[in-house]
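Peer 1: Predicted model, plus sequence, below.
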Amino acid sequence: MIVRPTRLVAALIAGFALVGAAQAQKAEVIHWWTSGGEAAAIKEFASMYNKMGGNWQDNPVAGGGGGAARTVIINRMQGGDPPTAAQFNYSNQYREAISAGLLNNLDDLAKKENWDAALPDSIKTSIKVDGHYYAVPVNLHMPFWVWSNKAVLAKAGVTKEPQNMAEVIAALDQVKAKVPGVIPLALGGQGWQENIMFRGVMLANGGKDLWLKVHKDKDLSSKEFRKTLEDFKKLKQYVDPGSPGRDWNLATGMVIEGKAAFQFMGDWAKGEFINAGKSQGKDFGCALVAGPTTPYVIGGDVFVFPKSDKPGVKEAQAKLAAMMYSKEGQVAFNNKKGSIPIRTDVDLSKVDSCTATGVKALKERRLLEAHEQFLAPDAVGAFEDAVSKFWNSDQSVDDALKAMQVAVKR
Ligand code: GAL
């Protein structure tokens with residue numbers, strides 16, 4: 001338990017008091033939350049909606065990071081058979097759907113909850129388009145953490161969580177030398193995971209300036225960016241041969257079980273530790289690879305609500321969105337998810353120290369837009385491919401740099 005619900009869902013339930021089981025509002029919700037921690041988190045939303053008299057039809061599409069789910073969602077919307085609600089990340093991922101007029105807006109809820117004032121600008125850039133709100137934000141995830149197994153670190157003599165690349169590499173060397181049989185770095189060898197690691201190294205090496213230079217100015221000529229490629233490739237020696245294709249939660253599982261020491265991953269990994277009954281500080285460690293005062297890169301999730309001709313859909317969508325943004329919904333969901341609520345008016349006094357870092361960043365508005373908010377979806381994909389090719393081949397730093405420069409400008 002990380003944060004405590006402040007109240008019961010009484011107000012929301014009251015809104016449904018007259019809805020009998022027979023009229024239960026069916027809501028098909030597509031998302032990509034299939035790992036243990038993720039499934040536990042989305043279940044909180046599902047049971048809250050059902051308690052309100054609704055009928056949640058869960059439609060998870062496997063594939064961490066959501067690539068497969070997004071394809072299904074977009075095809076369903078374009079084919080005229082949309083789900084009631086669908087998950088996306090904060091990004092440009094659903095911009096085309098907005099332009100094509102496929103989404104209902106959430107202006108009523110936004111007005112009621114005063115999103116204009118309550119939400120940080122960097123979240124609004126993603127969900128508010130041409131003056132209308134098109135998505136409900138459910139959390140704030142920071143993608144660039146390093147997770148560790150405390151017992152393994154103790155055996156290796158690593159006493160401090162690494163907070164820059166030199167410390168990361170020194171700690172990996174210590175594990176390699178002193179704890180034979182344990183894999184220093186758990187990696188799921190899938191493009192999006194290799195990219196999380198790459199961008200974590202980038203943030204550690206150049207902070208906000210480098211982040212904006214690369215993603216906003218599309219300028220990859222700095223020495224910090226070159227060092228990012230060099231450091232990234234150094235990490236390969238610590239990864240086991242079983243990495244290619246591995247799901248992210250299996251890599252987290254290796255750290256949970258002490259088969260591996262570290263993993264670069266977003267704080268959804270914390271949902272797996274929590275789901276396995278582990279405690280932060282005692283069993284596992286979390287460190288921001290770019291140091292504790294790094295700008296907090298906005299990762300996380302929204303739900304959109306596609307237009308539909310079917311009766312009752314709009315009402316079901318309004319209730320789903322209100323529940324997902326409610327204090328109770330945000331607390332219950334985020335407790336299990338490893339993320340933090342997007343609202344600051346909930347009780348966050350009992351949070352662990354990883355979450356406290358995020359809460360502080362959110363309060364101080366120390367937020368930085370994700371690369372996906374700057375780059376076109378095509379460029380995101382091309383850059384991801386270039387990073388993966390570099391990781392998985394013996395391509396030179398110079399050639400990889402050239403390929404990334406072309407990709408980012410698409
Ligand atoms: C991200 C999402 C997280 C987490 C992760 C792994 O895109 O924001 O909530 O689920 O994928 O599946």
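Peer 2: Cool, the structure landed.

Peer 1: Could you see whether the ligand lies near the helix or strand residue 361 falls within?
Peer 2: If you go by DSSP states H and E, residue 361 is part of helix 353-363. No - against the ligand, helix 353-363 shows no contacts by CB under 6 Å from any ligand atom, the least distance being 13.7 Å. C-beta coordinates here come from the backbone N, C-alpha and C atoms, glycine included.

Peer 1: So what's the residue count around residue 101?
Peer 2: 8 (other CB atoms under 10 Å).

Peer 1: And the contacts of the next helix or strand after the helix holding residue 361?
Peer 2: Sequence-wise, the next helix or strand downstream of helix 353-363 (DSSP H and E) is strand 367-368. Here strand 367-368 makes contact (CB atoms under 8 Å, 6 or more residues apart in numbering) with 120, 122-123, 208, 211, 295-298, 361.

Peer 1: could these go into TSV alongside secondary structure and pLDDT?
Peer 2: Shown next, in TSV, are the contacts of strand 367-368 (DSSP: H, G, I helix; E, B strand; the rest coil; pLDDT from 0 to 100):
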residue	secondary structure	pLDDT
120	coil	93
122	helix	90
123	helix	94
208	helix	96
211	helix	97
295	coil	90
296	strand	93
297	strand	95
298	coil	94
361	helix	89
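
Peer 1: Who wins on neighbours among the residues you listed?
Peer 2: Busiest of the contacts of strand 367-368 [other CB under 10 Å] is residue 298, holding 27 neighbours.

Peer 1: Can you give me every residue that contacts the residue in the stretch 201-350 of the chain positioned nearest to the ligand?
Peer 2: Relative to the ligand, the nearest point of the stretch 201-350 of the chain is residue 268 (3.8 Å; CB to the nearest ligand atom). Residue 268 makes contacts with 35, 37-38, 141, 337-339, as judged by CB under 8 Å, 6+ apart.

Peer 1: Quick one: the strands in the stretch 151-300 of the chain, in order.
Peer 2: For the stretch 151-300 of the chain, the strands defined by DSSP state E, counting those that start in this stretch cover 183-185, 260-265, 284-288, 296-297.

Peer 1: for those strands, which one ends up most surrounded?
Peer 2: strand 260-265 (a mean of 28; mean count of other CB atoms under 10 Å).

Peer 1: Next, the contact list for residue 228, please.
Peer 2: Applying CB under 8 Å, 6+ apart to residue 228 gives the contacts 198, 201-202, 205-206, 210.

Peer 1: Where does residue 147 sit: helix, strand or coil?
Peer 2: strand (DSSP: H, G, I helix; E, B strand; the rest coil).

Peer 1: circling back: where helices are concerned, which of the contacts of residue 228 count?
Peer 2: Among the contacts of residue 228, the ones falling in helices (DSSP state H) are 198, 201-202, 205-206, 210.

Peer 1: Distance-wise, check residue 76 relative to residue 84.
Peer 2: Using CB to CB, to the nearest Å, one gets 11 Å for the distance from residue 76 to residue 84.

Peer 1: Show me whatever sits in contact with both of those two.
Peer 2: Common neighbours of residue 76 and residue 84 (CB under 8 Å, 6+ apart) are residue 306.

Peer 1: and the residue of the stretch 51-200 of the chain nearest the ligand?
Peer 2: In the stretch 51-200 of the chain, no residue comes nearer to the ligand than residue 64, which is 3.8 Å away by CB to the nearest ligand atom.

Peer 1: Spit out the contact partners of that residue.
Peer 2: Contacts for residue 64 (CB under 8 Å, 6+ apart) come out as 32, 34-35, 188, 190, 192-193, 247-249.

Peer 1: Tell me the residues of the stretch 151-300 of the chain that contact the ligand?
Peer 2: With CB under 6 Å from any ligand atom as the criterion, the stretch 151-300 of the chain meets the ligand at residues 248, 268, 299-300.

Peer 1: Please report which of the residues you listed has the highest neighbour count.
Peer 2: Within those, residue 268 tops the neighbour count with 28 neighbours, counted by other CB under 10 Å.

Peer 1: Pull up the residues of the stretch 1-150 of the chain that are close to the ligand.
Peer 2: 32-33, 38, 64-66, 89, 141.

Peer 1: my read: residue 229 touches residue 400, true?
Peer 2: Yes - checked against CB atoms under 8 Å, the pair residue 229 and residue 400 is within contact range at 5.9 Å.

Peer 1: Adding pLDDT and neighbour count as columns, could you present the ones in helices among the contacts of residue 228 in TSV?
Peer 2: TSV is the format used below for those (pLDDT from 0 to 100; neighbours: other CB atoms under 10 Å):
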residue	pLDDT	neighbour count
198	98	25
201	98	25
202	98	25
205	96	23
206	96	20
210	97	20
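
Peer 1: Can you tell me which of those residues is nearest residue 285?
Peer 2: Comparing those against residue 285 with CB to CB places residue 201 closest, at 18.6 Å.

Peer 1: so who does the closest one touch?
Peer 2: Contacts of residue 201 (CB under 8 Å, 6+ apart): 165, 228, 231-232, 235, 289.

Peer 1: Pick the one among these closest to residue 172.
Peer 2: Among these, and counting by CB to CB, the member closest to residue 172 is residue 235, at 7.5 Å.

Peer 1: Number of residues surrounding the closest one?
Peer 2: By other CB under 10 Å, the residues close to residue 235 number 23.

Peer 1: So it is in contact with residue 185, correct?
Peer 2: Yes - the criterion here is CB under 8 Å, and residue 235 meets it with residue 185 at 6.1 Å.

Peer 1: Where does the prediction get shaky in this protein?
Peer 2: 1-23 (pLDDT under 70).

Peer 1: follow-up on the earlier one: looking at the contacts of residue 64, which are in helices?
Peer 2: 192-193, 248-249.

Peer 1: Now the spatially most central residue of the chain: closest residue in space that isn't a chain neighbour?
Peer 2: Nearest residue to the geometric centre of the chain (CA atoms, centre = their mean): residue 300, 4.0 Å. Leaving aside its chain neighbours, residue 300 sits nearest to residue 141 (4.2 Å; criterion: CB to CB, 6 or more residues apart in numbering).

Peer 1: Isn't the one you found up against residue 334?
Peer 2: No - the criterion here is CB under 8 Å, and residue 141 misses it with residue 334 at 9.6 Å.

Peer 1: Mind listing what's buried along stretch 362-371?
Peer 2: For stretch 362-371, the neighbour count (16 or more other CB atoms under 10 Å) marks 362, 367-371 as buried.
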